[in-house]
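>>> Could you work out the structure for the sequence below:
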Amino acid sequence: MTSKLDNLFDYVQERCLWQFASRAWDRTENIEGVLSQVGVLLKKRQPAPETPAERLHLADAKVLVNDCRQRYDWIDAIPPEEVDRVLEGLKDRLLDVTITRSKNRELNHSLY
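Sure, this is the predicted structure:
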């Protein structure tokens, strides 16, 4: 699982701008929203976005999943319970890097 998580983390850090919104709450919302839609797609379920934000997250998730399918042959072979563990680990790592350990003090500025 660690190598899968490392592969996904490296890909997201290199190619996905949705993790770098200007505020901590927005970064958290994007990371959780996109990765939840990635989980739906990897489990081969039909997504049902209801809000504009959910549709945006789904669009980003589709790009991520399609690129990962081209790069990683193991992506569609992950059992559903492992999908949840990998994505939870990815979410935790992204939140840690982009928010907790970020040196950008504007992320939590009270005037924004």
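>>> My guess is Asn108 contacts Arg27. True?
No: with contacts counted by Cβ atoms under 8 Å, Asn108 stays clear of Arg27, the gap being 10.7 Å. Every C-beta, even on glycine, is put in place using the N, C-alpha and C of the backbone.
>>> Have a look at these two and say which one is more surrounded.
Shown here are Asn108 and Arg27; by other Cβ atoms under 10 Å, Arg27 has more neighbours (21 against 12).
>>> residues touching the more buried one, list them.
Arg27 sits next to 19-21, 95, 98-99, 107 when contact means Cβ atoms under 8 Å, 6 or more residues apart in numbering.
>>> quick one: it from Gln70, how far?
Separation of Arg27 from Gln70 (Cβ to Cβ, to the nearest Å): 26 Å.
>>> pLDDT averaged over stretch 93-102, what's the number?
When pLDDT is averaged along stretch 93-102, the result is 91.
>>> again, but for stretch 63-72
Taken as a whole, stretch 63-72 has a mean pLDDT of 96.
>>> Pull out the buried positions in that stretch.
Residues 64-65, 68, 72 are the ones in stretch 63-72 that count as buried (16 or more other Cβ atoms under 10 Å).
>>> next one: stretch 47-61
49, 56-58, 60-61.
>>> likewise stretch 83-101?
For stretch 83-101, the neighbour count (16+ other Cβ under 10 Å) marks 83, 86-87, 89-91, 93-95, 98-99 as buried.
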